[in-house]
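J.: kindly generate the corresponding structure for this input.
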Amino acid sequence: MATLRQLEYLVTVVDCGSFTRAAELLHVTQPALSHQIRALERTVGGPLLERLPRGIRLTPMGRAALPHARAALSDAERLQAAARRTAGLDGGELEVATVHSVSLGPLPPVLKAWRERHPEVRVRLREYPHAEQLRAAMAAGQADLAIGPVPDGWEGPVRELGVEEFTVVLPSDDPLRDDPLRDEPLRDGPLRDGPAAPRVRIADLAGRAWVHYAPGNGLAELLDRVCAEAGFQPRIAVRTEQTAAAPLLAAAGLGPALVPANILPPALDALLLRPDPPVRRTLAAYTRTRPDRLTTAFADLLAAQVQV
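T.: All right, here's what the predicted structure looks like:
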């Protein structure tokens, strides 16, 4: 059976790109490091690394094994942290992973409340532009808790938090302000806590050039899908890598933007329209295995405070 030391050695060699640098970082001799890697290769039944004149490269077996090695090391670190927290030896650290829109919208007040209740517990926040990147990070053991869209086929515990609503942002003087639809509230209620939101058919915006998101941002795929369902492909006025910039660019007149309603700046001078039909996604908190008491406490606070 592979040992944690052998897995640590493998990951370090890969990250350093050479046995020499890895041995220096690990404070072991290069022969001892090579011996442990060969022992690991015997255990798994084949070569993991190809020794090159200048460096190393992973074999196909090594590429398959590396994510599991990283996950095992992360799990071991969290096991030690959870044991310390349970024993009350120190406050420990809670690692929370999420997508950009959640870290901009519902998460900050939750973190504030958590800090007030548990000032001794450090929170490490990992943010990802795409829900699949979030899922992959959680599967690799890089966080204690993930917060984002419900992951398809996730085998670990999943706790739904609520439905995230999206809105279309336009400049405050946009001609759609006088559209007859603005006086017809959407049948399912108000936008956030304000008055009934005016609505707009996405198809009516087919001729516009949009504020779009950079490739790799999950909201880029969502916008493309919503527009495709309305029968068109959006023209692009500008692409932004920053989710928070989209409503500001739209308010400045660059084009309509589709954004989560919970990230809108409170004083944004813009026309806010509810898509008809509504655009929504369900958010959830999920873990790889049954969460420890501290992670459960954070999830409980999250479920009580998040309003999406």
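J.: can you list the weak-confidence ranges in the stretch 51-200 of the chain?
T.: Residue ranges of the stretch 51-200 of the chain with pLDDT under 70: 81-91, 179-197.
J.: now L219: how far from E164?
T.: 11 Å (Cβ to Cβ, to the nearest Å). C-beta: built from backbone N, CA, C; applies to glycine.
J.: close enough to count as contact, V11 and A69?
T.: Yes - counting by Cβ atoms under 8 Å, A69 is a contact partner of V11 at 5.4 Å.
J.: comparing the two, which residue is more hemmed in?
T.: A69 (22 against 16; other Cβ atoms under 10 Å).
J.: apart from its neighbours in sequence, what residue is nearest that one?
T.: Excluding its sequence neighbours, the residue lying closest to A69 (Cβ to Cβ, 6 or more residues apart in numbering) is L7, at 4.2 Å.
J.: quickly note the distance from the one you found to V44.
T.: From L7 to V44 the distance is 11 Å (Cβ to Cβ).
J.: so for the two, which sits in the more crowded spot?
T.: L7 (21 against 15).
J.: how about that one, secondary structure?
T.: Counting by DSSP: H, G, I helix; E, B strand; the rest coil, the backbone at L7 sits in helix.
J.: who's in contact with the helix or strand P31 falls within?
T.: According to DSSP states H and E, P31 maps onto helix 30-44. For helix 30-44, the external contacting residues (Cβ atoms under 8 Å, 6 or more residues apart in numbering) are 1-2, 5-7, 9-10, 13, 19-20, 22-23, 26, 47-49, 61, 65.
J.: of these, keep whichever come out buried.
T.: Buried residues within the contacts of helix 30-44, counting neighbours by 16 or more other Cβ atoms under 10 Å: 2, 6-7, 9-10, 13, 19, 22-23, 26, 48-49, 65.
J.: out of these, the closest to P266 would be?
T.: For those, the closest approach to P266 (Cβ to Cβ) belongs to L7, at 47.7 Å.
J.: wait, that closest one touches A71, no?
T.: No - the criterion here is Cβ under 8 Å, and L7 misses it with A71 at 9.6 Å.
J.: and R225, how many neighbours?
T.: Using other Cβ under 10 Å, R225 is surrounded by 11 other residues.
J.: look at it and report its pLDDT.
T.: On pLDDT, R225 comes in at 96.
J.: so it: helix, strand or coil?
T.: helix.
J.: ok, back up a step: okay, and the common contacts of L219 and E164?
T.: S101.
J.: quick one: which of those two has more around it?
T.: L219 (25 against 22).
J.: which pLDDT value goes with that one?
T.: 95.
J.: element containing it, please.
T.: Here L219 is assigned to helix 218-229, by DSSP H and E.
J.: so which elements touch that helix?
T.: strand 209-213, strand 257-260 (3 or more Cβ pairs under 8 Å, 6 or more residues apart in numbering; DSSP states H and E).
J.: TSV please, covering these and showing mean pLDDT and distance to A140.
T.: Shown next, in TSV, are the helices and strands packed on helix 218-229 (pLDDT from 0 to 100; distance: least, Cβ to Cβ, whole Å):
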stretch	mean pLDDT	distance to A140
strand 209-213	97	25
strand 257-260	96	26
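J.: can you redo those strands as TSV with mean neighbour count and distance to A146?
T.: Listed next are the helices and strands packed on helix 218-229 as TSV, based on neighbours: other Cβ atoms under 10 Å; distance: least, Cβ to Cβ, whole Å:
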stretch	mean neighbour count	distance to A146
strand 209-213	23	21
strand 257-260	26	17
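J.: make a markdown table from those strands and add distance to L223 to it.
T.: A markdown table is the format used below for those (distance: least, Cβ to Cβ, whole Å):
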| stretch | distance to L223 |
| --- | --- |
| strand 209-213 | 6 |
| strand 257-260 | 5 |
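J.: these two touch, right, P247 and A270?
T.: Yes - between P247 and A270 a contact is recorded at 6.7 Å, counting by Cβ under 8 Å.
J.: between those two, which contacts overlap?
T.: Counting by Cβ under 8 Å, 6+ apart, the contacts common to P247 and A270 are V169.
J.: got the contact list for stretch 263-278?
T.: By Cβ under 8 Å, 6+ apart, stretch 263-278 touches 101, 104-105, 165-172, 174, 176-177, 181-182, 186, 188, 191-192, 197-202, 226, 243-244, 247-248, 250-251, 258, 261.
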